[in-house]
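> sequence and predicted structure, then a few things I'm wondering about:
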Amino acid sequence: MRAGLLLNMGLRSLARNKMRSFLTMLGIIIGVAAVIAMLAIGQGARTSMEASIASLGTNVIMVFPGAQSAGGVRMEAGASGRFTVEDVEAVRKEAPALRHITPIARTSAQIKAGGANWRSSVYGVYPEYLDIRQWEVTSGSVFSAAEERSGAKVCLLGRTVADSLFGAGSDPVGQSIRIQNLPFRVVGVLAPKGQSSFGQDQDDLVIAPFTTVARKLLATFNAQSLYASATSAEAIPEASAQIEEVLRRQQRVPEGESSPFMLRTQTEITQAATAMSTTLTLLLSSIAGISLLVGGIGIMNIMLVSVTERTREIGIRLALGARGNDILLQFLVEALVLSFVGGLIGIALGVGASALLASTQGWAVLVSPSSIALAFGFSAATGIFFGWYPARKAARLNPIEALRYE
């Protein structure tokens with residue numbers, strides 16, 4: 001039997017029971033829409049997280065004070081470890097796999113400019129910090145190494161701080177601010193970086209020379225952490241090993257004892273975030289897939305009812321010479337039409353729901369062609385799988401018994 005005739009018969013049969021056909025498709029519609037929306041949310045979250053991690057810089061290695069044992073007592077992380085300028089210089093000279101390294105002294109302070117004030121984080125760093133983080137300056141310039149060594153009271157403002165103190169879109173280069181009542185001259189404004197993967201505003205900060213922050217704001221000569229970048233992504237493991245070896249020697253850590261500091265690389269953070277987002281996407285997709293399963297069961301149920309209602313019609317067609325394969329294909333086409341039409345409506349609904357979430361809730365969503373193809377493929381497979389049994393049952397009816405069916 002020709003494919004066009006089979007399709008025409010299937011459409012006419014479904015059109016006779018419009019409401020029942022729509023209710024049957026509803027499960028497929030909801031399932032496909034849910035799959036597309038859930039995949040869009042998962043992929044959007046993954047893309048957003050990857051962009052946030054990329055904003056940390058290139059080939060980054062971070063070193064933090066860690067837990068340490070003292071006199072048999074395990075101390076909490078960060079309780080004892082601090083890094084000296086000598087540690088930084090030793091790493092710089094003896095770790096050839098590193099491109100840049102900077103100590104970081106961080107504090108939180110009230111910042112004033114004219115009649116405005118704003119509380120923000122103040123980072124004391126070397127000028128290389130901006131190279132490590134691939135952070136551009138949109139206005140002004142970076143303070144020099146000479147200014148860092150002399151403890152000059154100069155600073156760069158994040159976009160959030162600049163807008164809060166001087167007004168949105170302002171250029172405060174050359175203006176003066178006060179940090180803990182110490183005057184600082186603004187020499188540059190940083191390009192916006194947005195939120196981090198932890199939801200923190202990366203632009204809400206002030207960057208100043210390490211020596212200035214450590215000595216004049218924190219009254220110390222030590223750094224709270226180190227920030228470095230390897231010469232390449234492939235060199236990150238080697239660079240990490242070199243940093244650990246030099247710091248253990250500098251801090252005289254006995255052989256066999258754990259290091260009083262922790263190393264975290266950008267690669268590790270990316271791998272952890274990717275694994276988490278993949279798990280989230282699979283979980284959301286599995287939940288949405290249940291809707292497709294329920295929709296398929298609905299198709300099978302309605303098709304079985306249709307076979308029972310049309311038993312006499314099937315008997316007449318068989319008596320007039322129709323083959324079992326013709327009957328099977330007719331009912332299989334009806335199931336496929338239900339799943340295809342439901343899939344198309346579900347795709348439109350899923351894309352619309354994703355766009356609505358993005359506009360109303362501000363969520364990062366990403367509807368990819370692969371997710372649409374996957375959802376539509378599942379809907380087609382559902383129609384074939386759940387439509388096969390009713391179609392096969394109809395094709396195996398005995399013509400005599402079918403004709404006598406009331």
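Structure received. Numbering: from 1, shown residues only.
> burial count for Leu318?
21 (other Cβ atoms under 10 Å). Just so you know, the C-beta spots here come from the backbone N, C-alpha and C atoms, and that holds for glycine as well.
> any idea which helix or strand carries it?
Taking DSSP states H and E as the criterion, Leu318 maps to helix 311-319.
> what is the mean pLDDT for the next helix-or-strand element following that helix?
Per DSSP H and E, the first helix or strand lying C-terminal to helix 311-319 is helix 324-360. The average pLDDT within helix 324-360 is 81.
> with stretch 129-139 instead?
Stretch 129-139 comes out at a mean pLDDT of 91.
> would you mind pulling the contact partners of that stretch?
Residues outside stretch 129-139 that contact it (Cβ atoms under 8 Å, 6 or more residues apart in numbering) are 55-58, 60, 99-100, 102, 104, 123, 142, 156, 171, 173, 188-191, 193, 207, 227-229.
> list buried residues within these.
The neighbour count (16 or more other Cβ atoms under 10 Å) marks 55-58, 60, 99-100, 102, 104, 123, 142, 156, 173, 188-190, 193, 207, 227-229 as buried among these.
> if we can go back for a sec, packing partners for the helix holding Leu318?
helix 324-360, helix 399-403 (3 or more Cβ pairs under 8 Å, 6 or more residues apart in numbering; DSSP states H and E).
> out of these, which is the most enclosed?
Comparing those by mean neighbour count (mean count of other Cβ atoms under 10 Å), helix 324-360 ranks first with a mean of 20.
> distance between it and the chain's centre?
For helix 324-360, the separation from the chain centroid amounts to 29 Å (computed by Cα atoms, centre = their mean, to the nearest Å).
> for stretch 29-37, same thing?
20 Å.
> so what would you say the end-to-end distance of stretch 106-120 is?
Stretch 106-120 has its terminal residues 11 Å apart, counting by Cα to Cα, to the nearest Å.
> the strands in the stretch 201-350 of the chain, which residues?
205-209, 225-230, 261-265 (DSSP state E, counting those that start in this stretch).
> between the ones you listed, which one is nearest to Val88?
strand 225-230 (6.6 Å; Cβ to Cβ).
> who does the closest one pair up with?
strand 60-65 (antiparallel), strand 98-113 (antiparallel) (DSSP bridges).
> of the ones you listed, which is nearest Leu282?
Here strand 60-65 is closest among the strands paired with strand 225-230 (Cβ to Cβ), at 28.3 Å.
> so what's Arg248 up against?
Counting by Cβ under 8 Å, 6+ apart, Arg248 has contacts Ser259.
> ah, wrong one, I meant Ser379
Per Cβ under 8 Å, 6+ apart, neighbours of Ser379: 28, 31-32, 292, 295, 339-340, 342-343, 346.
> and the residues you listed as a markdown table, adding distance to Gly42?
Converted to a markdown table, the contacts of Ser379 look like this (distance: Cβ to Cβ, whole Å):
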| residue | distance to Gly42 |
| --- | --- |
| Ile28 | 21 |
| Gly31 | 16 |
| Val32 | 16 |
| Leu292 | 17 |
| Gly295 | 21 |
| Ser339 | 24 |
| Phe340 | 25 |
| Gly342 | 23 |
| Gly343 | 20 |
| Gly346 | 17 |
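> which stretches in the stretch 101-250 of the chain count as helices?
128-132, 145-150, 159-166, 210-212, 236-250 (DSSP state H, counting those that start in this stretch).
> make a markdown table out of the ones you listed and add distance to Thr270.
What follows is the helices of the stretch 101-250 of the chain, written out as a markdown table (distance: least, Cβ to Cβ, whole Å):
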| stretch | distance to Thr270 |
| --- | --- |
| helix 128-132 | 16 |
| helix 145-150 | 30 |
| helix 159-166 | 25 |
| helix 210-212 | 27 |
| helix 236-250 | 11 |
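> where's Gly114 relative to Asp204, distance?
19 Å (Cβ to Cβ, to the nearest Å).
> poorly predicted segments of the stretch 201-350 of the chain, please.
Applying pLDDT under 70 to the stretch 201-350 of the chain flags residues 288, 309-310, 314, 320, 322, 324.
> rerun at 50
Along the stretch 201-350 of the chain, the model assigns pLDDT under 50 to no residue.
> what's near enough to touch the residue nearest the centre of the chain?
For the chain, the residue nearest the mean C-alpha position is Arg46 (1.9 Å; Cα atoms, centre = their mean). Neighbour list for Arg46: 273-274, 277-278, 281 [criterion: Cβ under 8 Å, 6+ apart].
> rerun at 10 Å
273-274, 276-278, 280-281, 364, 366 (Cβ atoms under 10 Å, 6 or more residues apart in numbering).
> so it: helix, strand or coil?
helix (DSSP: H, G, I helix; E, B strand; the rest coil).
> now it: how far from Glu245?
Counting by Cβ to Cβ - Arg46 and Glu245 are separated by 35 Å.
> Gln202 now?
From Gln202 to Glu245 the distance is 31 Å (Cβ to Cβ).
> settle it for me: which of those two has more neighbours?
Of the pair Gln202 and Glu245, Gln202 is the one with more neighbours under other Cβ under 10 Å, namely 19 against 14.
> what's the burial count for Arg92?
Neighbour tally, Arg92, other Cβ under 10 Å: 16.
> my guess is it contacts Ala228. True?
Yes - counting by Cβ atoms under 10 Å, Ala228 is a contact partner of Arg92 at 9.0 Å.
> now do the shared contacts for these two.
98, 100-102, 128.
> of those, which is the nearest to Pro237?
Distances from Pro237 to the shared contacts of Arg92 and Ala228, taken by Cβ to Cβ, are shortest for Leu98, at 12.5 Å.
> that closest one contacts Ser229, correct?
Yes - Leu98 is within contact range of Ser229, at 7.1 Å (criterion: Cβ under 10 Å).
> ok, the spatially closest residue to Ser229 that is not a sequence neighbour to Leu226 distance?
Distances taken as Cβ to Cβ, 6 or more residues apart in numbering place Ile132 nearest to Ser229, at 4.4 Å, with adjacent residues excluded. For Ile132, the distance to Leu226 (Cβ to Cβ) stands at 10 Å.
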